[in-house]
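S.K.: Structure of the sequence below:
(chains A and B)
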There are 2 protein chains.
Amino acid sequence: MSASNAMSETTEFELIERYFKPSLSRRDVALGVGDDAAILDVPSGCQLIVSMDTLVADVHFAADDDPRGIGHKAVAVSLSDMAAMAAEPAWATLALVLPRVDERWLAAFSEGMLGLAREFGVQLVGGDTTRGPLCITLQLHGHAPSGQAIRRSGAKVGDLVCVTGAIGDAGLALRLRQQFGRGHQGPDREYLDRRLDRPRPRVQEGIALRGLASAVIDISDGLSADLGHILKASGVGAEVDVDAAPLSEAFRRCAEGMGPDEALGLVLSAGDDYELCFTLPETRVADLNVAAEAWSTPWQVIGRITEGDDLLLVHGGGRPFTLSQNGYEHFRS
Amino acid sequence: MSASNAMSETTEFELIERYFKPSLSRRDVALGVGDDAAILDVPSGCQLIVSMDTLVADVHFAADDDPRGIGHKAVAVSLSDMAAMAAEPAWATLALVLPRVDERWLAAFSEGMLGLAREFGVQLVGGDTTRGPLCITLQLHGHAPSGQAIRRSGAKVGDLVCVTGAIGDAGLALRLRQQFGRGHQGPDREYLDRRLDRPRPRVQEGIALRGLASAVIDISDGLSADLGHILKASGVGAEVDVDAAPLSEAFRRCAEGMGPDEALGLVLSAGDDYELCFTLPETRVADLNVAAEAWSTPWQVIGRITEGDDLLLVHGGGRPFTLSQNGYEHFRS
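M.R.: Numbers count the residues shown, from 1 in each chain, chains lettered A, B, ... in the order given. Down below sits the predicted model:
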């Protein structure tokens, strides 16, 4: 970890570093924080998988959001990328740009960040701290046995389209928060808020998909947009039965006031659930059922890969469903 | 490369991506820009070396600086960290936060960045682009044969203290720019400006130090501060003859108007030269002379490692030299 700014504020930035002392020590970290660079041992026979994500104040979060949640999310987003590659996460680097040194903020941010990192066995091995507008860039480094990382481009005609967990929760939480504000409003809202603010990346599930799934992506931009990335990268189309989309009980109850199309639109286009969307050759269903016995979350078939390049959404036994909103239109090209 | 922002501006951000198309294709990049993460092949028998640096507008550069220079510097700073580890740089990831999509700025920034990256064989393999206050985080990934990366902590009593190239040029360029403004003012100022704006990281030199140098750091914060990091990490002191510090002809001519102490203060405390400071067992001098025949820059002995933990600066045949300013006080702890 190095800290740089154009002022002489060693003490302040030394202070910052204290909040990012490694909370675990991996044996494959030959040299962590404290030199010009970190030295890491990638396991023999494995490929290195790297993913970098930036969260900017007033864009990805409000500057007065709970810093614990911001720290959690900074790690969760990149862990979810690792999950989507079937990679085992190992090491993180952090570039933290801070307008000022606020010890309470730092303590809470670091708790959220390092807490989730520790849970997934990830060690912070370096980075940079700088004075400037609040902005967090986190890179995760993981690995997978050579050739076993799963890309977006492997979906084949006839493969099943599947998702983990329940989708739409985070999007509904955001919608309700915008409509009714924050605050405790019963267990359903608490559950939904937690899904939005403390997403659980599906790392274990991603690793279990090695050798089974033909393509994987994490649902950060909404199911239809993210499945769209798989279709584009694989040169195929898909038909998805929106009625098959797995919904949580809390979602069903809290979305009751909405029109059914509006609720389904949210399921298909809202991001931030960080579930996995994957394609699976039908011959591998039994194997996946065995692997998934250890999962903390169920998986569900919602459609099938088709020829062409269209994503056809159907509901009510085959009627086309038109999606009026298409998520954030993130893209990964 | 993924792009994310809270608005639907796919087209604009697709545009950005066009400026960061890989300008070279390394065979060890199994999957580059375009999926949830990149997949990289670290050479067998090598360790992975990673370093991340952030440049923030109005802190590390002026928002209206030549974007070509900003791009160059973003890569140079991290390449210099690789040099300081004796690592061979290979892959970069870039987190680019931009207030708006300005095509001319992007074209020039990308030219500066990818141009220097290409020269050193570095491929851009991923990252993130986001809307927000201008901020650039670049991570470089390199490798070195296991156990051959050089740390700061290996300096031993009796080792020679050495530097590559000439030091003080970038600091003097900045001082002159602050006093007299920019603009072409003859070949000396052009040379000094180039040293400040287009530093050449000593990557080849760093790699050649493998097996020879006992400790290395790059001079980004000033010789006395950076040598201080080696001393602290190694638990030793040093005596440095400031008269032995290698100065360029341009430095000597342009610093003529300064008092000698002021000029030497600049040499010792100004950063941004990105030369290497290293310690060398005296028995390895002949070997280094052979290795350095291929270097583009000379190296010079300026002192010796001592017991204790003090950095003693002497000049004029042994008189103590007192440094009134201590650089940026960056730190790497």
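S.K.: For residue A:243, grab phi and psi.
M.R.: phi -70, psi -20 (degrees, to the nearest 10).
S.K.: Now for the residue nearest to residue A:209 when sequence neighbours are not counted: which residues touch it?
M.R.: Distance criterion Cβ to Cβ, 6 or more residues apart in numbering or on different chains; nearest residue to residue A:209, sequence neighbours excluded, is residue A:86 at 5.5 Å. (Glycine included, C-beta is placed from N, CA and C.) Applying Cβ atoms under 8 Å, 6 or more residues apart in numbering or on different chains to residue A:86 gives the contacts A:144, A:148, A:149, A:150, A:206, A:207, A:209, A:210, A:213, A:216.
S.K.: center of chain A - which residue?
M.R.: The centroid of chain A falls nearest to residue A:80 when counting by Cα atoms, centre = their mean (3.4 Å).
S.K.: Checking residue A:35 next. Helix, strand or coil?
M.R.: Counting by DSSP: H, G, I helix; E, B strand; the rest coil, the backbone at residue A:35 sits in coil.
S.K.: my read: it touches residue B:85, true?
M.R.: Yes: contact criterion Cβ atoms under 8 Å: residue A:35 and residue B:85 qualify, at 7.2 Å.
S.K.: So for the two, which residue has more residues nearby?
M.R.: residue B:85 (32 against 28; other Cβ atoms under 10 Å in any protein chain shown).
S.K.: Spell out whether whatever helix or strand residue A:144 lives in and chain B are in contact.
M.R.: Using DSSP states H and E, residue A:144 sits in strand A:135-145. Yes: for strand A:135-145, a contact with chain B is found by Cβ under 8 Å from any Cβ of the partner chain, at A:135, A:137, A:139, A:140, A:141, A:142, A:144.
S.K.: if I look at the residue lying closest to the third one once chain neighbours are set aside, how far off is residue A:80?
M.R.: Meaning residue A:139. In this structure, residue A:139 finds its nearest non-sequential neighbour in residue A:52, 4.2 Å apart by Cβ to Cβ, 6+ apart. For residue A:52, the distance to residue A:80 equals 13 Å [Cβ to Cβ, to the nearest Å].
S.K.: circling back: and the two most separated of the contacts of residue A:86?
M.R.: Farthest pair in those (Cβ to Cβ) is A:144 and A:213. Separation: 12.8 Å.
S.K.: how about residue A:267, what does it touch?
M.R.: A:167, A:168, A:171, A:223, A:242, A:245, A:247, A:251 are the contacts of residue A:267 under Cβ under 8 Å, 6+ apart.
S.K.: ok, then the element right after the helix or strand where residue A:112 lies?
M.R.: Here residue A:112, judged by DSSP H and E, is contained in helix A:103-119. Scanning forward in sequence from helix A:103-119 by DSSP H and E, the next helix or strand is strand A:123-131.
S.K.: quick one: that following strand near chain B?
M.R.: Yes: under the criterion of Cβ under 8 Å from any Cβ, chain B is reached by strand A:123-131 at A:125, A:126, A:127, A:128, A:130, A:131.
S.K.: And that strand, what does it pack against?
M.R.: Counting by 3 or more Cβ pairs under 8 Å, 6 or more residues apart in numbering or on different chains; DSSP states H and E, the packing neighbours recorded for strand A:123-131 are strand A:2-4, helix A:10-18, strand A:38-40, strand A:88-98, helix A:103-119, strand B:46-56.
S.K.: Average pLDDT for the first one, rounded please.
M.R.: So that's strand A:2-4. The average pLDDT within strand A:2-4 is 50.
S.K.: Could you do the fifth one as well?
M.R.: If you average the pLDDT over helix A:103-119, you get 95.
S.K.: Equivalent analysis for the last one, please.
M.R.: Mean pLDDT, taken over the full extent of strand B:46-56, equals 97.
S.K.: And the next helix or strand past that strand?
M.R.: Trace forward from strand B:46-56 with DSSP H and E and the next one is helix B:67-84.
S.K.: What strand or helix carries residue A:161?
M.R.: Using DSSP H and E, residue A:161 falls in strand A:160-164.
S.K.: does chain B sit close to that strand?
M.R.: No: if you take Cβ under 8 Å from any Cβ as the test, strand A:160-164 misses chain B, and the best it gets is 14.7 Å.
S.K.: So which elements touch whatever helix or strand comes next after that strand?
M.R.: Taking DSSP H and E as the definition, the helix or strand that follows strand A:160-164 towards the C-terminus is helix A:169-180. Applying 3+ Cβ pairs under 8 Å, 6+ apart, we find helix A:169-180 packed against helix A:187-197, helix A:249-254, helix A:260-269.
S.K.: helices and strands around the second one, which ones?
M.R.: It refers to helix A:249-254. Helix A:249-254 packs on helix A:169-180, helix A:187-197, going by 3+ Cβ pairs under 8 Å, 6+ apart.
S.K.: Quick one: mean pLDDT over whatever helix or strand comes next after the shortest one.
M.R.: With elements assigned by DSSP H and E, the helix or strand that comes after helix A:187-197 is helix A:203-208. In this model, helix A:203-208 has a mean pLDDT of 97.
S.K.: and helix A:203-208, C-alpha only, in PDB?
M.R.: What follows is helix A:203-208, C-alpha atoms only, in PDB (Å, rounded to 0.1, in the frame of the first residue of the first chain):
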ATOM      1  CA  VAL A 203     -18.300 -17.700  -5.500                       C
ATOM      2  CA  GLN A 204     -18.700 -21.200  -4.400                       C
ATOM      3  CA  GLU A 205     -21.500 -21.700  -7.000                       C
ATOM      4  CA  GLY A 206     -19.300 -20.300  -9.700                       C
ATOM      5  CA  ILE A 207     -16.500 -22.700  -8.900                       C
ATOM      6  CA  ALA A 208     -18.900 -25.600  -8.800                       C
END
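S.K.: quick one on the thing from earlier: reformat the contacts of residue A:267 as a markdown table; add neighbour count and distance to residue B:274.
M.R.: Formatted as a markdown table, the contacts of residue A:267 follow (neighbours: other Cβ atoms under 10 Å in any protein chain shown; distance: Cβ to Cβ, whole Å):
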| residue | neighbour count | distance to residue B:274 |
| --- | --- | --- |
| A:167 | 28 | 49 |
| A:168 | 30 | 50 |
| A:171 | 26 | 47 |
| A:223 | 30 | 47 |
| A:242 | 21 | 56 |
| A:245 | 21 | 54 |
| A:247 | 17 | 56 |
| A:251 | 25 | 54 |
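S.K.: number of nearby residues for residue A:121?
M.R.: 13.
S.K.: ok, now how distant is it from residue B:82?
M.R.: 27 Å.
S.K.: ok, now residue A:34?
M.R.: Distance, residue A:34 to residue B:82, using Cβ to Cβ: 16 Å.
S.K.: Between the two, which is the more surrounded one?
M.R.: Shown here are residue A:34 and residue B:82; by other Cβ under 10 Å, residue B:82 has more neighbours (31 against 18).
S.K.: my guess is the more buried one meets residue B:203, correct?
M.R.: Yes: Residue B:82 lies in contact with residue B:203 (Cβ under 8 Å); the separation is 6.2 Å.
S.K.: Now do the shared contacts for those two.
M.R.: Joint contacts of residue B:82 and residue B:203 (Cβ under 8 Å, 6+ apart) are B:88, B:89.
S.K.: how's chain A carved up into domains?
M.R.: Using automatic domain parsing, the domain parsing of chain A gives A:2-145, A:160-320.
S.K.: and the ones you listed, which is most packed in?
M.R.: Between the domains of chain A, domain A:2-145 has the highest mean count of neighbours, a mean of 21, where neighbours are mean count of other Cβ atoms under 10 Å in any protein chain shown.
S.K.: That domain: how far from the chain's middle?
M.R.: Centroid separation for domain A:2-145 versus its chain: 15 Å, with Cα atoms, centre = their mean, to the nearest Å.
S.K.: Quick check on residue A:37: phi, psi?
M.R.: Torsion angles, degrees, to the nearest 10, at residue A:37: phi -160, psi 170.
S.K.: which residue sits closest to it, ignoring its sequence neighbours?
M.R.: Nearest residue to residue A:37 in three dimensions, chain neighbours excluded: residue B:51, at 3.7 Å (Cβ to Cβ, 6+ apart).
S.K.: Verify the stated contact: that neighbour with residue B:79.
M.R.: No: counting by Cβ under 8 Å, residue B:51 stays clear of residue B:79, with 9.1 Å between them.
S.K.: Alright, that wraps it up for me.
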